[in-house]
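Participant: sequence first, predicted coordinates after that:
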Amino acid sequence: MTLLSVTELYENHADNLGLHWLAGKENNRFLQLQTDQRIGNVGYLNLIHPHQIQVISLYELAYLEALSDNVYEDALKQLFENANLACIIVVDSPRVPDDLKRYAEHYHVPLFTSQVSGETLMNYLHGILGRMSGEKITLHGVFLDVFGMGVLITGDSGTGKSELALELVSRGHRLVADDAPEFSRIDHGVIRGTCPVQGMTPFLEVRGLGILNVQALFGDSAIKKDKYLRLIVKLEHMSSEQLRQIDRLQGDYRSRQVLGVEIPEVGLPVAAGRNLAVLLECAVRNHSLKMQGYNAADEFCQRQTRAMYNMDKDEGYVSHRFDVY
């Protein structure tokens, strides 16, 4: 476990984040950068699963101020009495309530304001704290930003990972790292991927063409410095028997552990004539829908069951072999 003092964090990064120390300067607190990440490092206000750095924006302030007086006081006590609380940063708000300053002074909790947006603040802090925690892994594959989602393409040698990556970049997606992207766990359940060697992000090796600079070929928008890993797509040569074993409704979905975090993985069979770029784009879109709670296979089964139920009704009887949704 690595300890980082709030004072050190402020002194080293105040200029980049536009930090102003408002209250709670008397007692220096520490961030516990644990490799198992049981305690979240930084996030918006959460009283149930509190972060070590609690970020409060205009929305969280509005929520607190809408509480009744008793509930409001209890919420502030719960916030400031948390033993793991390192500091509080107020963002996206032109004002800081006097009660926050009063509690910060009373409990000796550093209270800051930041001139950058909440999203910028958290991305910056996630990056520096993740690098300091020290838990990293290098995986074989190509890491890209596809429709805004971090996707790692894996598979045995010769399955066409680099060719697929090149096709995706030509379709407007962005390369993060080729061959050996480096991943680190920067917070609870969050894996960040990047190119381990500075300045090597634009380069992609394609058999027959050699080393390509996709930034020079397709422009600055073709690369991205880092991205959170959300999906793994594994390219696989499959026999006829293996293809028959794939669930025709749900597809070949499973999960893979990366630094203790379960990352969804989908297997894409490689065969002549299959448009892998379109299939991967559909896999990303479908995964995005699943994250929102929608499952096409489930809806298909429900519609089929309703159709069979209605067909039975038209014939004058209702079958009890099927559940009705």
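Facilitator: Noted; the coordinates are in hand. Numbers count the residues shown, from 1 in each chain.

Participant: chain neighbours aside, what residue packs nearest to the residue nearest to the spatial centre of the chain?
Facilitator: Nearest residue to the geometric centre of the chain (C-alpha atoms, centre = their mean): Tyr228, 4.4 Å. Distances taken as C-beta to C-beta, 6 or more residues apart in numbering place Gly150 nearest to Tyr228, at 5.0 Å, with adjacent residues excluded. Glycine gets a C-beta too; all of them are placed from N, C-alpha and C.

Participant: quick one, what contacts the one you found?
Facilitator: Phe143, Leu144, Val176, Gly193, Lys227, Tyr228, Leu229, Arg230, Leu231 (C-beta atoms under 8 Å, 6 or more residues apart in numbering).

Participant: among those, which ones are in strands?
Facilitator: Within the contacts of Gly150, residues falling in strands by DSSP state E are Phe143, Leu144, Val176, Gly193, Lys227, Tyr228, Leu229, Arg230, Leu231.

Participant: relative to Phe183, how far out is the third one?
Facilitator: It stands for Val176. From Val176 across to Phe183, the span is 11 Å (C-beta to C-beta, to the nearest Å).

Participant: list residues touching both of these two?
Facilitator: By C-beta under 8 Å, 6+ apart, the residues touching both Val176 and Phe183 are Gly193.

Participant: so which of these two has more stuff around it?
Facilitator: More crowded of Val176 and Phe183, by other C-beta atoms under 10 Å: Phe183, with 27 against 23.

Participant: next secondary structure after the strand or helix carrying Gln242?
Facilitator: Taking DSSP states H and E as the definition, one finds Gln242 inside helix 240-244. Once the chain leaves helix 240-244, the next helix or strand it forms, by DSSP H and E, is strand 253-258.

Participant: also compute the angle for the helix or strand that comes right after that following strand relative to strand 253-258, please.
Facilitator: Later in the chain than strand 253-258, the nearest helix or strand by DSSP H and E is strand 261-269. Angle, strand 261-269 to strand 253-258, by axes from the mean of the first three to the mean of the last three C-alpha atoms, to 10 degrees: 130 degrees.

Participant: partners of strand 261-269 in the sheet?
Facilitator: In the sheet containing strand 261-269, its partner strands are strand 226-236 (parallel), strand 253-258 (antiparallel), by DSSP bridges.

Participant: just the helices from the stretch 101-250 of the chain, written as ranges.
Facilitator: Under the criterion DSSP state H, counting those that start in this stretch, the stretch 101-250 of the chain carries helices at the ranges 118-133, 161-170, 214-218, 240-244.

Participant: where among those helices is the average confidence lowest?
Facilitator: Confidence, taken as mean pLDDT, is least for helix 240-244 of the helices of the stretch 101-250 of the chain (a mean of 74).

Participant: can you tell me what sits against that one?
Facilitator: By C-beta under 8 Å, 6+ apart, the surrounding residues in contact with helix 240-244 are Pro269.

Participant: using CSV, write out every CA atom in it.
Facilitator: Below are the C-alpha coordinates for helix 240-244, written out as CSV (Å, rounded to 0.1, in the frame of the first residue of the first chain):
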residue,chain,number,x,y,z
SER,A,240,-17.3,-27.0,-37.3
GLU,A,241,-17.9,-28.7,-33.9
GLN,A,242,-16.9,-25.6,-32.0
LEU,A,243,-19.2,-23.5,-34.1
ARG,A,244,-22.1,-25.8,-33.4
